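Visitor: Requesting a structural model of the entry that follows:
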Amino acid sequence: MKLVVGLGNPGKQYELTRHNVGWWVVDHLADVWHFEPWRKDRDALVSDGRFGMTRVRLMKPQTFMNLSGNAIAPYMRREGWSPSADLLVIVDEVALPLGTHRYRPKGSAGGHNGLKSIEAHAGTQEYARLRVGIKPEEERSIGDLSDFVLGKAGKAEREAIAGQLPDIIALVERWIAGGAAPSSQ
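Guide: Purely as a prediction, here's the structure:
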């Protein structure tokens, strides 16, 4: 089973924040692929289905960002399941310009606390990650990083992210099929 994890923070107050971009993407995937309704499973909400012949689980950890790895911990004990082959994590990335994304099959957390938590629980940096850019055009407009990522994305920001969803879906589909290559948009 492939596990596609969108990182975010639980609670109504965080729904439209930049830090919840990972959740926006997996919500969109669940809709497009007509997966089962979201249901509670331990520390996460999950939606199951198939893409082609492959079983896929979409996940939204219900821990806060810094504890996201708790939600994947049970998968680490599954026989035959490997983070390097079966895990894709989708996160916001303040170092990438808004309207862009970048896929890597492995790498460092790059300062992202959600990825640090995943890495700690996976015990490896060898898992796929898709970073969705949220960096504004003007660097000065970020201010305090925590305030920025936990701030609500404006309409133009949400539209810029939504505009790249078809490319993101295609990339995730290639990853599931075993053919995703490192890319930037």
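
Visitor: What is the neighbour count of the nearest residue to I169 once chain neighbours are set aside?
Guide: Nearest residue to I169, sequence neighbours excluded (C-beta to C-beta, 6 or more residues apart in numbering): V32, at 6.2 Å. Yep, even glycine has a C-beta here, placed from its N, CA and C like the rest. Residues lying near V32 (other C-beta atoms under 10 Å) number 12.

Visitor: Quick check: V32 touching V172?
Guide: No. Shown here, V32 and V172 do not form a contact pair, counting by C-beta atoms under 8 Å, at 10.0 Å.

Visitor: For this structure, name the helix or strand with the lowest mean pLDDT.
Guide: Within the chain, confidence by mean pLDDT, DSSP states H and E is lowest for strand 183-184 among all helices and strands, at a mean of 51.

Visitor: which stretches of the chain form strands?
Guide: Along the chain, counting by DSSP state E, strands occupy 2-6, 39-41, 44-51, 54-61, 87-97, 101-104, 128-135, 183-184.

Visitor: can you redo these as TSV with mean neighbour count and distance to D144?
Guide: Written out in TSV, the entries for the strands of the chain read as follows (neighbours: other C-beta atoms under 10 Å; distance: least, C-beta to C-beta, whole Å):
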stretch	mean neighbour count	distance to D144
strand 2-6	25	24
strand 39-41	11	33
strand 44-51	18	29
strand 54-61	22	24
strand 87-97	22	12
strand 101-104	20	24
strand 128-135	24	15
strand 183-184	12	27
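
Visitor: out of those strands, which comes closest to A122?
Guide: Among these, strand 87-97 comes nearest to A122, with 7.0 Å by C-beta to C-beta.

Visitor: average pLDDT for the closest one?
Guide: In this model, strand 87-97 carries a mean pLDDT of 95.

Visitor: ok, that strand: who's next to it in the sheet?
Guide: Based on DSSP bridges, the pairing partners of strand 87-97 within the sheet are strand 2-6 (parallel), strand 128-135 (parallel).

Visitor: Show me the common contact partners of V32 and V172, please.
Guide: Counting by C-beta atoms under 8 Å, 6 or more residues apart in numbering, V32 and V172 have no common neighbour.

Visitor: Might one say that L145 is in contact with D92?
Guide: No. With contact defined as C-beta under 8 Å, L145 does not reach D92; the gap is 11.4 Å.
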